[in-house]
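[1] sequence and predicted structure are below.
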Amino acid sequence: MFEPVPRPSSGLAVRCSRVLLSPWSRFSLLMLMLASAGAMVLLYEPQRLLSDGWPVARLSGAAAVVLYAVAYGACTAAFVPRPLLNLAAGALFGSQAGLVSALAGTVLGAGIAFTLGRLLGQDALRPLLRGKVLTAADGQLSRHGFRSMLAIRLFPGIPFAAANYCAAVSRMGYTPFLLATALGSIPNTTAYVVAGARAGSPTSPAFLISMGFIVITGMAAAVLAWRKRQALSRG
């Protein structure tokens, strides 16, 4: 009995599949997707939600809230700033429905970015985690994922999308990541949504309290980031 000789075409197909599924090929696909998403954001200018209103005029009520949450999640994965989307949620739906839509979109967008980063970027980027700052951040997220992500969401000094993809490269699990995102995003999201809902009356107590909270948490985030950087430089 003679063993069948493998065909050259099958060997070529195996090599091509290995190249296409390699870590750097997947990472290149991730970069292409993010660049395309960023270009779409620049083209369609989501900030027009604040001036032009909800573009889907026929939808209202729960359907509009759900659709906005889905659009919110896709936009945050494409680096659209969350403060803009939160303000728009409050302006479009009011404080309560706007908060529900914004929080649902926040968790959805974080999950999308985390999944993309985990599937397409982790294998390529983990071997590059060298240096004091990178290894310290990776160790903190990997060992104390829920606590670290909760602090990041409560004091938003790190951009939302950057935190998502950094967490994806670490060894943090889905459950602590999404739970910390949901809980930690409530205060800041509430402040922006209420500010958007009450923007028509800028002297109202609700608007002033929301803006004060935004300013205070922003200053606290800056101070914490500075102290953390000083600690890392001394270590």
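    Thanks, I have the structure now. Numbers count the residues shown, from 1 in each chain.
[2] use CA for all of it now, contacts and neighbours both
    Noted.
[3] mind listing the helices for this protein?
    Applying DSSP state H to the chain gives helices spanning 8-20, 23-44, 48-52, 61-77, 82-120, 122-125, 132-143, 145-154, 160-169, 174-184, 186-197, 205-234.
[4] pick the most buried one from these.
    helix 186-197 (a mean of 25; mean count of other CA atoms under 10 Å).
[5] now the angle from that one to helix 205-234?
    Counting by axes from the mean of the first three to the mean of the last three CA atoms, to 10 degrees, helix 186-197 points 140 degrees away from the direction of helix 205-234.
[6] and helix 186-197, how far out from the chain's middle?
    17 Å (CA atoms, centre = their mean, to the nearest Å).
[7] helices or strands up against it?
    helix 82-120, helix 205-234 (3 or more CA pairs under 8 Å, 6 or more residues apart in numbering; DSSP states H and E).
[8] tell me which of those helices lies nearest to Gly73.
    helix 82-120 (3.6 Å; CA to CA).
[9] the helices and strands packed on helix 186-197: which one's closest to Val70?
    helix 82-120 (5.9 Å).
[10] output the contacting helices and strands for the closest one.
    Short answer (3+ CA pairs under 8 Å, 6+ apart): helix 82-120 packs on helix 23-44, helix 48-52, helix 61-77, helix 160-169, helix 174-184, helix 186-197.
[11] go again with 7 Å.
    When contacts are defined as 3 or more CA pairs under 7 Å, 6 or more residues apart in numbering; DSSP states H and E, helix 82-120 packs onto helix 23-44, helix 61-77, helix 160-169, helix 174-184, helix 186-197.
[12] give me the distance between Ile152 and Ala161.
    According to CA to CA, to the nearest Å, Ile152 stands 12 Å off from Ala161.
[13] what does Leu178 give?
    Counting by CA to CA - Leu178 and Ala161 are separated by 14 Å.
[14] kindly report the same for Ala206.
    Taken as CA to CA, the span from Ala206 to Ala161 is 28 Å.
[15] and for Gln96?
    Distance from Gln96 to Ala161, by CA to CA: 25 Å.
[16] residue ranges in this protein under the pLDDT threshold?
    1-24, 40-60, 121-134, 136-137, 228-235 (pLDDT under 70).
[17] check it and tell me which residue is nearest its centre.
    Ala161 (3.5 Å; CA atoms, centre = their mean).
[18] what's the closest non-adjacent residue to it?
    Phe79 (6.0 Å; CA to CA, 6 or more residues apart in numbering).
[19] was I right about that neighbour contacting Pro159?
    No. Between Phe79 and Pro159 there is no contact under CA atoms under 7 Å: 9.0 Å.
[20] who has more neighbours, these two?
    Higher neighbour count among Phe79 and Pro159: Phe79, with 19 against 13, using other CA atoms under 10 Å.
[21] got the phi and psi for that one?
    For Phe79, the backbone dihedrals (degrees, to the nearest 10) come out as phi 70, psi 20.
[22] same thing with Ala78?
    The phi/psi pair for Ala78 (degrees, to the nearest 10) is phi -100, psi 20.
[23] and it, what is it in contact with?
    Leu34, Ala37, Gly38 (CA atoms under 7 Å, 6 or more residues apart in numbering).
[24] cool, Leu141 as well?
    Ser148, Ala167, Ser170, Met172.
[25] number of nearby residues for the last one?
    So the one you mean is Met172. 22.
[26] cool, and the third one?
    Residues lying near Ser170 (other CA under 10 Å) number 23.
[27] report the separation between it and Leu141.
    Taking CA to CA, one finds Ser170 at 6 Å from Leu141.
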